[in-house]
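Colleague: Fold the stuff below for me.
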Amino acid sequence: MLALDEGTSMEERMRRVMQRAERGRRGLPAPQVWVRAGDREFTWGDRKQRFHTASVGKMMTATRVLQLVEQGRLALDAPLTSLLPAVEIAGLFVLDGVDRAAEVTPLQLLRHMSGVADYFEGRSSAPVRFPGLIAAEPDRVWTSSDLLDYSRQFQRAVGAPGERFSYSDTGYVLLGRILEEAGSASLGIQLHEGVFAPAGMDASCLLFHTMPGGGPSVAEPAAQLDIAPLWVGKNEISRAAALSCDWAGGGVVSTVDDLVAFTRAWTSGALIGDASRAVMGDAPQRFRPGIRYGAGAMRLRYGGFSPFLAGMPSPVGHIGVTSTHLFVFPERDLHIAMNFHSTREMLRSFRTHIELVRIALKSSR
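Modeller: Next up, the predicted model:
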């Protein structure tokens with residue numbers, strides 16, 4: 001960890017952290033970072049360039065779900081069979097020959113407790129696992145129906161509804177479809193009207209479905225929007241149409257500025273109320289050591305990374321597999337948004353995150 005020199009400004013200490021983080025990145029672009037601590041801020045890299053937020057977008061999908069709940073248009077305990085056509089959910093929740101779909105609820109989907117498989121990283125009988133399909137077929141466009149069909153054809157339910165935590169992008173595809181049915185509009189339009197516009201996220205969109213401002217998508221939208229480079233393993237895929245697979249589980253394109261605008265609006269009550277934020281942020285499930293999961297949001301417990309970090313406060317937010325981070329410490333008005341551009345940069349991104357947060361917390365005392 002970086003030694004904290006009392007005579008050096010917060011910004012200078014953070015600059016040193018980022019200079020260290022740049023070493024050994026082997027041609028990757030500079031990380032995109034924005035730390036906002038009250039009226040102070042630190043930036044690194046291109047804060048205006050859009051990038052794929054990956055699973056950070058789950059927090060926005062979950063926020064929209066809770067908005068419909070607050071409006072009385074959706075119930076968190078409603079049976080899935082009452083929310084989606086039978087053809088869409090057929091075969092996804094069969095366990096020991098019994099279809100358990102009627103036991104599944106939106107809250108279980110939000111919490112990854114429904115028992116549905118994970119099309120992206122879950123066990124699969126397909127000849128090529130899903131991440132390999134993206135590299136092998138970069139020009140393929142995936143629809144929600146395609147993604148559900150993949151899980152139906154090549155995967156099995158991993159448990160009974162409510163039985164255990166099992167992270168599932170397939171579950172968030174189902175949430176996206178629930179939103180479209182209950183909200184009577186496409187997921188992209190609902191994110192713009194319910195999340196992006198009220199939060200002031202003018203640069204954000206649901207890629208392949210909308211453009212910033214809410215208009216319809218165009219041909220090759222990633223190129224037109226100059227999306228930042230993105231590596232999955234050894235493959236640079238920032239322009240690949242196959243990233244359409246992210247959709248409700250991580251298809252949002254944004255900037256570090258817009259992501260912080262989201263957490264500021266989320267914590268202020270501009271998007272959902274206190275009770276809804278409590279539902280999202282209550283995180284009893286273990287995702288990884290140091291990371292707990294709630295309902296579309298994670299809580300970090302830094303002591304799970306190292307006992308020397310046990311005294312740090314616990315932020316709420318989300319990470320993405322491509323080393324994207326978005327977290328907020330509501331009591332400290334501290335926000336951090338990061339993009340490290342690569343699935344191989346997760347460890348480095350977390351080390352950097354921790355160092356930046358330690359500096360910001362020390363500086364705000």
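Colleague: CA only for contacts and neighbour counts going forward, please
Modeller: OK.
Colleague: Might you list the low-confidence residue ranges for the stretch 101-250 of the chain?
Modeller: Within the stretch 101-250 of the chain, no stretch has pLDDT under 70.
Colleague: Could you identify the longest helix within the chain?
Modeller: Longest helix in the chain, counting residues (DSSP state H): helix 346-363.
Colleague: any idea how far that one is from the chain center?
Modeller: 19 Å (Cα atoms, centre = their mean, to the nearest Å).
Colleague: before we move on, what about stretch 321-335?
Modeller: On Cα atoms, centre = their mean, the centre of stretch 321-335 falls 12 Å from the chain's centre.
Colleague: my guess is V253 is in a strand, correct?
Modeller: Yes - counting by DSSP: H, G, I helix; E, B strand; the rest coil, V253 is part of a strand.
Colleague: I'd say it and L206 touch.
Modeller: Yes - between V253 and L206 there is a contact at 6.2 Å, judged by Cα atoms under 8 Å.
Colleague: And the helices in the chain?
Modeller: Under DSSP H, the chain gives helices at 10-22, 57-70, 86-89, 106-110, 130-136, 144-154, 169-183, 187-191, 197-199, 221-224, 256-268, 274-281, 346-363.
Colleague: and those helices as TSV, adding mean neighbour count?
Modeller: TSV is the format used below for the helices of the chain (neighbours: other Cα atoms under 10 Å):
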stretch	mean neighbour count
helix 10-22	17
helix 57-70	24
helix 86-89	13
helix 106-110	25
helix 130-136	16
helix 144-154	18
helix 169-183	23
helix 187-191	23
helix 197-199	17
helix 221-224	16
helix 256-268	22
helix 274-281	17
helix 346-363	18
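Colleague: Save the ones you listed as a markdown table, and put in distance to H335 too.
Modeller: Below are the helices of the chain laid out as a markdown table (distance: least, Cα to Cα, whole Å):
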| stretch | distance to H335 |
| --- | --- |
| helix 10-22 | 14 |
| helix 57-70 | 15 |
| helix 86-89 | 38 |
| helix 106-110 | 23 |
| helix 130-136 | 31 |
| helix 144-154 | 32 |
| helix 169-183 | 25 |
| helix 187-191 | 21 |
| helix 197-199 | 15 |
| helix 221-224 | 27 |
| helix 256-268 | 6 |
| helix 274-281 | 15 |
| helix 346-363 | 9 |
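Colleague: helices or strands up against the longest helix of the chain?
Modeller: helix 10-22, strand 334-339 (3 or more Cα pairs under 8 Å, 6 or more residues apart in numbering; DSSP states H and E).
Colleague: okay, those in TSV with distance to H325 and mean pLDDT next?
Modeller: Converted to TSV, the helices and strands packed on helix 346-363 look like this (distance: least, Cα to Cα, whole Å; pLDDT from 0 to 100):
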stretch	distance to H325	mean pLDDT
helix 10-22	15	96
strand 334-339	5	98
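Colleague: Can you lay out these as a markdown table showing distance to P289?
Modeller: Formatted as a markdown table, the helices and strands packed on helix 346-363 follow (distance: least, Cα to Cα, whole Å):
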| stretch | distance to P289 |
| --- | --- |
| helix 10-22 | 22 |
| strand 334-339 | 20 |
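Colleague: what's near enough to touch the closest residue to A310 other than its chain neighbours?
Modeller: Nearest residue to A310 in three dimensions, chain neighbours excluded: G303, at 3.7 Å (Cα to Cα, 6 or more residues apart in numbering). Each residue near G303 by Cα atoms under 8 Å, 6 or more residues apart in numbering is listed here: G290, L309, A310, G311, M312.
Colleague: Roughly how far does G303 sit from T352?
Modeller: Look at G303 and T352: by Cα to Cα, to the nearest Å, they are 16 Å apart.
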